[in-house]
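[1] here's my sequence, what's the structure:
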Amino acid sequence: MATEMGGGPALRSYVGLVGRRKWWIAAAALLGLAASLGLSLTEVEQYSATAQILAQSSAGPTQLQTDIQLVTSAPVQALVTSRLGGKLGGIQSVSAAEVGQTNVIAITAIRSSPAGAALVANAYGRAFVSYLQGVATGNLTAAESQLQTQIGKVGAHLKGLRGTGGTAGERAALLNQQAVLRAQLEQMQVSGVSSLSGGLEFVTPAQRPTSPSSPKPVQLGLLGVAAGLVLGLAFAFLRDSLDETLSSTETAEQISGAPVLAMVPVVTGGKKRDRPLVVSVSNPLSPAAEAYRSLRTSLQFVRQQRALRTVVVTSPAADEGRSATVANLGAVFAQAGERVLLVSCDLRRPRLARLFGLDEQTGLTAVLLGGRSLAEVVQPVSGHETLWLLGAGKVPANPAELLTGPAARELFAALRAEFDLVLIDSPPVLPVTDAAVLSKDADGTLMVVAAGQTRQADLRRAAEKLAQVNAPLIGTVLTRVTRQTGYHYKAMNPDLLLASVPAPANGHAPANGDAPADAAHGNRHARRQ
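    Model prediction:
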């Protein structure tokens, strides 16, 4: 992932990643929405009703939490079952909770019917109050019985002292104890009447709900979309981390060691025609045509520092836009008035001539084998006064050996002297050695890579193979770029561009009469006239 200089991951890299995987993320969100809506449609409607009880005599938070736990205890459930009987059938859920920071206990029942929910909530509330009242009554009865027993024992002791002639002090003490116990009993009987309620009051009965509490399609739908987006984003980042294809100019420049001179957007409609489009001719105002003109401008900057008349255009693997780049680049240079020759040098799968509707059967191999002269096989491109094409000719049995021989070197030297620019459509670098053979004697090499298709490892190996033969790699062209893969126009810095171009290794050093392309073009054009 691209990073800002001296900083963390760039925000636009994340945005670009989301853009590249937007359909996966959208599909995950829709899948989450569909799953949640399906769940809401299949789930049985449930209704909730709430009754409220005031715990007046709660001694504190601990006692209140104890009361809350007792609401759903076994004794209370037994009371509810005995009171409702058959009306309690079916699935129910009962819970109790504190209402805010108060002594109010909310008892909520969930049932499949509104009436059932209110019935169960009220039944649990009343059963809970009855249960605690019973507990309070039992405690009071036990305490009274204990006091009455103690009073009886004191009375029996007094009778025994009277029969045995006990002292007056002993009788007075027993009489005083008996009076105290009787006073405690009377006080307990008086205060016990107010405590028989257990300190609870049933304050708010549950009402029949008017709408189901679940399912909630809107909430479930939003939750499903959110979950789908999270899963989609997680998958997008995982997929991007495992993706080894090129998707940014920064990665292409880092691996190839050469600047990206142009980013060519995807050209639609070409595969539906009899032959692919040369978009710079058929649609000169399109973004792709503008990208090829940008590539021409970048190459003109390079020509200010060095001779650049023979350029090999290659790619790491097949079907990455190499021939289309040669055709469109030749067309835009010809539109600028330069004499350009396109050489179909892929002697295994030639296709350059087909882009212009020209013959591929007679061409380069016939000249190299001595069967035809160069003037006989060079074909003018219709619609362009200064654009010609040299087809591949018949496919030979030994393409690499044919391109390595002295006849090939003499031919390309002659073409270099005759034309302002010779663009050579070379086979891909990795499958065969033709590109390395052609690049070592050319003025420069352009590497064409396809965004989202070319593997990073393939570009790295292709750059290494060209470096082994000292081929001057002047830059790369990123094709099939979409807005999701980061397509946008960006101005080339001439100083950075010139600094990144390697020095020529083939002996074609710039000379006073050779480097300025416009002057050279003017001299040769005068000779041709």
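[2] going forward, measure contacts and count neighbours with C-alpha atoms only.
    Will do.
[3] can you list the domain ranges for the protein.
    By the record's domain assignment, the chain is partitioned as 15-43+216-241, 47-204, 246-528 (automatic domain parsing).
[4] for those, which one ends up most surrounded?
    Among the domains of the chain, domain 246-528 has the highest mean neighbour count (mean count of other C-alpha atoms under 10 Å), at a mean of 19.
[5] same question for it, mean pLDDT?
    The pLDDT scores in domain 246-528 average 81.
[6] now render the domains of the chain as TSV, adding distance to Thr210.
    Formatted as TSV, the domains of the chain follow (distance: least, C-alpha to C-alpha, whole Å):
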stretch	distance to Thr210
domain 15-43+216-241	14
domain 47-204	7
domain 246-528	50
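[7] and the strands in the stretch 251-400 of the chain?
    260-265, 310-314, 340-344, 378-380, 387-390 (DSSP state E, counting those that start in this stretch).
[8] how far off centre is the fourth one?
    Counting by C-alpha atoms, centre = their mean, to the nearest Å, strand 378-380 is centred 51 Å from the centre of its parent chain.
[9] what packs against it?
    Contacting strand 378-380 under the criterion 3 or more C-alpha pairs under 8 Å, 6 or more residues apart in numbering; DSSP states H and E are the following elements: strand 387-390.
[10] what does the strand it packs on rub up against?
    With contact meaning C-alpha atoms under 8 Å, 6 or more residues apart in numbering, strand 387-390 is reached by 330-331, 334, 339-344, 353, 363-364, 377-381.
[11] among the strands of the stretch 251-400 of the chain, which is nearest Ala97?
    Counting by C-alpha to C-alpha, Ala97 lies closest to strand 260-265 out of those; the figure is 62.5 Å.
[12] which other helices and strands contact that closest one?
    When contacts are defined as 3+ C-alpha pairs under 8 Å, 6+ apart, strand 260-265 packs onto helix 249-256, helix 287-303, strand 473-481.
[13] contact partners of the first one?
    The contact list for helix 249-256, computed with C-alpha under 8 Å, 6+ apart, reads Met1, Ala2, Leu246, Pro259, Val260, Gln456, Leu459, Arg460, Ala463, Thr476, Leu478.
[14] in this structure the fourth one contacts Leu478, no?
    No - under the criterion of C-alpha atoms under 8 Å, Pro259 lies out of contact with Leu478, with a separation of 10.4 Å.
[15] tell me where the stretch 51-200 of the chain has strands.
    Shown for the stretch 51-200 of the chain, the strands assigned by DSSP E, counting those that start in this stretch span residues 93-98, 104-111, 200-204.
[16] related to what we said a few turns ago, put together CSV for the contacts of helix 249-256, with distance to Ser145 on each row.
    Output for those, formatted as CSV (distance: C-alpha to C-alpha, whole Å):
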residue, distance to Ser145
Met1, 85
Ala2, 87
Leu246, 92
Pro259, 102
Val260, 101
Gln456, 93
Leu459, 99
Arg460, 98
Ala463, 103
Thr476, 103
Leu478, 99
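[17] which ones among those lie within helices?
    If you go by DSSP state H, the contacts of helix 249-256 have Gln456, Leu459, Arg460, Ala463 in helices.
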